[in-house]
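Student: I would like to see how this sequence folds:
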Amino acid sequence: MVVSDLVDLRIKASFHTTDCNESEELSTCGFSFFSLFPQVRHDRVVAVVKAADGKAVHVVACRSPVGRAYRAGLSLVGPTAGGVRVRARLEPLVVLIVAALVLGLVLPAHGTVAVLLDRLVVVAVMVLFFLYGARLTTSQVLDGVRAWKLQGSMLAATYLVFPALGLAAQLLPDAVLAPSLRTGLLYLTLLPSTVQSSVVLTSIARGNVAGAVTGATVSNVLGIVVTPLLVVVLLGGQGVVGSGGVLRTLGMLLVPFLLGQVAGRWIGPWLRAHRRVTKVSDQSTIVLVAYVAVSAATVSGTWDEVTVVSLLGLLVVSAALLAIMLGLTWVAGGWWGMDRADRVALLMCGSKKSLATGLPMAAILLPATMAATVALPVVIFHQMQIIVCAALARRLARGTTEPAA
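Tutor: Below you'll find the predicted structure:
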């Protein structure tokens, strides 16, 4: 590909697939480039180049601001000799959450204000899942059934292997990890995978983008039902919503999602074309949930058992959890006989947990005081997975055959 005639080149992204055709242009196997990178304006894309073998689509953007986070905590800066150079950075959402945590510690809500905020959180979470259902096309969910080996492996990693490791972490002594943080770590392992960061990192690492899209999407849809059920089964004795309230909880998550799917016929295209609206809604809900949870914990004195030593223990255990899942998903892909593209998709999707889903769900599933300590493992693991997997994606993009030395 010749780009010498383009001026002020800032962003170059390459999507590698096995079944693209000429009619797809600005999409990879039906998944829009602009939905992956919404901050790249349509009028900034100046070239779409297909490789001679028909197995790669290169989208070149010109005169666009130097790479930003793209809602996945990544910056794409290029071009480079190896294709795409990726740099991890602290997500703005994480900064907002940390600010909300500090505010909840310094200025907690009391009395009537706290009650009103609790009710507002419930409404905000229901709206969040309604909008999620409205902007998600049903075809994205149905397509996931076709690649059963890849999708099944992702779901097994997300809802079987991860929870097993979370249960194993409960055996750690209090000196290593405080009981409340152990509970938060277990809750983390019950969450669905991320969508956007998984897909972006799979694309950068030259994996199966279409498989990552459907796998992460199916994981999140099933998570609306599976995560609450796992929480009831595995955390039922720790003050969470009991089996008697599971239907009410599912109704607050699943019913808005299904209504959104129905309404998506009319409002879905508009929402997908105006992603800033849903971005503001998503992030506002997450930040609100974080503040209310920490505020309630501050008022009740829940933070007394969380020390600097326990936080260091959480960092070490979170790093070990991520390393184990990265190793297991990569090895399992080879054991299943997957090709490199599918192994990359499994690696990136099977090792992630969703902050965007996890914190709003915690507000519904857990008491407010417990939701605060749950937030810490979720936020820490989220940022850690972005940093580590960005480095892996960069290495895989250079043609490395293994994700780790």
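
Student: Residue ranges in the stretch 151-300 of the chain under the pLDDT threshold?
Tutor: Along the stretch 151-300 of the chain, segments meeting pLDDT under 70 span 237-247.

Student: cutoff 80 now
Tutor: For the stretch 151-300 of the chain, residues meeting the criterion pLDDT under 80 lie at 196, 200, 209-210, 213-214, 236-251.

Student: which residues of it fall in helices?
Tutor: Using DSSP state H, counting those that start in this stretch, the helices assigned to the stretch 151-300 of the chain run over residues 162-169, 179-189, 196-204, 209-235, 246-273, 275-300.

Student: so residue 98 makes contact with residue 379?
Tutor: Yes - contact status for residue 98 versus residue 379: in contact at 7.5 Å, counting by Cβ atoms under 8 Å. (C-beta placed from N, C-alpha, C; glycine too.)

Student: Pull out the buried residues from the helix or strand harbouring residue 391.
Tutor: Per DSSP states H and E: residue 391 is located in helix 368-397. Buried residues in helix 368-397, defined by neighbour count with 16 or more other Cβ atoms under 10 Å: 368-383, 385-386, 388-390, 392-397.

Student: Please apply the same query to stretch 114-123.
Tutor: In stretch 114-123, counting by 16+ other Cβ under 10 Å, buried: 117, 121.

Student: Over to stretch 213-232?
Tutor: 213-224, 226-228, 230-232.

Student: which non-adjacent residue is nearest residue 179?
Tutor: residue 305 (7.2 Å; Cβ to Cβ, 6 or more residues apart in numbering).

Student: OK, contacts around the one you found?
Tutor: Residues in contact with residue 305 (Cβ atoms under 8 Å, 6 or more residues apart in numbering) are 178-180.

Student: swap in residue 315?
Tutor: Contacts for residue 315 (Cβ under 8 Å, 6+ apart) come out as residue 380.

Student: And the pLDDT for residue 131?
Tutor: For residue 131, the pLDDT comes out at 91.

Student: Burial check on it, number of neighbours?
Tutor: Here the number of neighbours of residue 131 (other Cβ atoms under 10 Å) works out to 23.

Student: That one and residue 281 touch, don't they?
Tutor: Yes - with contact defined as Cβ under 8 Å, residue 131 reaches residue 281; the gap is 5.8 Å.

Student: Please tell me how far residue 205 sits from residue 116.
Tutor: As judged by Cβ to Cβ, to the nearest Å, residue 205 and residue 116 stand 45 Å apart.

Student: and what of residue 297?
Tutor: Residue 297 is 18 Å from residue 116, by Cβ to Cβ.

Student: ok, now residue 331?
Tutor: 50 Å.

Student: do residue 320 as well
Tutor: Separation of residue 320 from residue 116 (Cβ to Cβ) stands at 41 Å.

Student: circling back to that earlier point, can you flag the buried ones in the contacts of residue 305?
Tutor: 178, 180.

Student: Kindly reformat the contacts of residue 305 as CSV containing distance to residue 153.
Tutor: Below are the contacts of residue 305 laid out as CSV (distance: Cβ to Cβ, whole Å):
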residue, distance to residue 153
178, 33
179, 33
180, 32
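
Student: Go through the helices of the stretch 151-300 of the chain and name the closest to residue 314.
Tutor: Closest to residue 314 of these, according to Cβ to Cβ: helix 179-189, at 5.2 Å.

Student: which residues touch that closest one?
Tutor: Residues contacting helix 179-189 (Cβ under 8 Å, 6+ apart): 162-163, 165-167, 169-170, 172, 177, 231, 234-235, 238, 302, 305-306, 310-311, 313-314, 317-318, 321, 353, 358, 362, 366, 370, 373-378, 381.

Student: Relative to the whole chain's centre, how far out is the helix holding residue 391?
Tutor: On the basis of Cα atoms, centre = their mean, to the nearest Å, helix 368-397 sits 9 Å off its chain's mean C-alpha point.

Student: what about stretch 153-170, how long is it end to end?
Tutor: 25 Å (Cα to Cα, to the nearest Å).

Student: Would you pull up how far that stretch lies from the middle of the chain?
Tutor: That offset, for stretch 153-170, works out to 16 Å (Cα atoms, centre = their mean).

Student: buried stuff in it?
Tutor: For stretch 153-170, by 16+ other Cβ under 10 Å, it's 153-155, 157-159, 161-163, 165-166, 169.
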